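K.L.:
here's my sequence, what's the structure:
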Amino acid sequence: MTVSERIAACFGINAARTLVIRPLCEAKLAVVHLEHSYDNGERTIFLPADDAFLVMLYLVDVDHRDILPDGARTPLKTYSRGSMCLISLRNGAAISVRGRFEALAFHIPSALFIELFEEAGEPRIDDLITCRGIDDQVVRNIGAALMPMFDMPDEVRDTLLPHIGLALSAHLAHRYGRSPIQHLSGTGQLSPLQEKRIKAYIAANLSGGTPVDKIAEACGFSVDELCSGFLSTTGQSVSEWVASYRMSRAQSQLSRTGETIARIAAECGFPDKHEFVATFTRAEGVPPATWRLRNRH
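P.N.:
Numbering: from 1, shown residues only. Okay, the predicted model is just below:
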């Protein structure tokens, strides 16, 4: 039984549309379109232990609860359409689902992240952060791009899929990856790869506010080593670099997109629209809306 068939069977689905993607070398990423209606009460779903991660992108509002290792059940929760969950399958997992269910299940083997490190020069990671019910625009957009591909001719689909699989894997590594324990070099500076990993993590998690302790945890450093190494390497503190990058990202969004000021504020990690407008005006001398009119591409 293939990975895709096994996942579908766990959800009580006899046949599910599937895409199998090989982004780099041997490791294969599977995408399974799951659709079922559990109208006769709740169905318990057990996912077997596997050296892999599972991303669920919900295509409708879904009601489910988690079943903890000790058998306890969390309260029933509605996961909204377009939200996603990310879990490790190393110890297996179990949930209980009720009502209509439709989602894209992404099965990503740990071997794929090793290939990203060895073949694509991406920073090494050894785990992904578990998250439930979050809004990830990149994953949502990748899901939307994949849906038509279930019905495309093989020759067209097979040309596009490796690029999409690589983009998804790199995004998950950058945004949710945890690095092995890291140490500074003898000079007290970051290596080029460590610097890249830290900046990539900040860029991928900008909307979340990027507190220094979370950056350090994800990138494998203590807070003190992260702060001293970053300052020694870049000449800026972590908070200074984040503030500068946040402003640069906001300017790019203003000049290149039609997003609202409030949306740009949220995507760039400002607490709210008013804080964004005040900060931007202090830095640039004019409010964001005025700056946009002068610099629209």
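
K.L.:
so this protein: which segments form each domain?
P.N.:
Recorded structural domains for the chain (assignment: automatic domain parsing) are 3-175, 179-235, 241-295.

K.L.:
rounded mean pLDDT for the shortest one, please.
P.N.:
Put plainly, it is domain 241-295. Model confidence over domain 241-295, given as mean pLDDT, is 93.

K.L.:
and what of stretch 137-146?
P.N.:
When pLDDT is averaged over stretch 137-146, the result is 94.

K.L.:
C-alpha coordinates for it, PDB please?
P.N.:
Presented in PDB, the C-alpha positions along stretch 137-146 are these (Å, rounded to 0.1, in the frame of the first residue of the first chain):
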ATOM      1  CA  GLN A 137      -0.900  32.300   2.900                       C
ATOM      2  CA  VAL A 138       1.900  30.500   1.100                       C
ATOM      3  CA  VAL A 139       0.500  27.100   1.900                       C
ATOM      4  CA  ARG A 140      -3.000  28.200   0.900                       C
ATOM      5  CA  ASN A 141      -1.700  29.600  -2.400                       C
ATOM      6  CA  ILE A 142       0.200  26.400  -3.100                       C
ATOM      7  CA  GLY A 143      -2.900  24.300  -2.400                       C
ATOM      8  CA  ALA A 144      -4.900  26.500  -4.800                       C
ATOM      9  CA  ALA A 145      -2.200  26.000  -7.500                       C
ATOM     10  CA  LEU A 146      -2.200  22.200  -7.000                       C
END
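
K.L.:
buried stuff in it?
P.N.:
138-140, 142-143, 146 (16 or more other CB atoms under 10 Å). Glycine gets a C-beta too; all of them are placed from N, C-alpha and C.

K.L.:
with stretch 13-23 instead?
P.N.:
For stretch 13-23, burial by neighbour count (16+ other CB under 10 Å) applies to 13, 16-23.

K.L.:
cool, and stretch 221-237?
P.N.:
With burial defined by 16+ other CB under 10 Å, the residues of stretch 221-237 counted as buried are 221, 225-231, 233-234.

K.L.:
same question, stretch 155-175
P.N.:
Buried residues in stretch 155-175, counting neighbours by 16+ other CB under 10 Å, are found at 157, 161, 164-166, 168-175.

K.L.:
starting at the chain centroid, how far to it?
P.N.:
With CA atoms, centre = their mean, to the nearest Å as the basis, stretch 155-175 stands 13 Å off its chain's centre.

K.L.:
with adjacent residues omitted, what lies nearest to S110?
P.N.:
Nearest residue to S110, sequence neighbours excluded (CB to CB, 6 or more residues apart in numbering): D51, at 4.9 Å.

K.L.:
just the strands in the stretch 151-297 of the chain please.
P.N.:
Secondary structure of the stretch 151-297 of the chain, counting by DSSP state E, counting those that start in this stretch: strands at 177-178.
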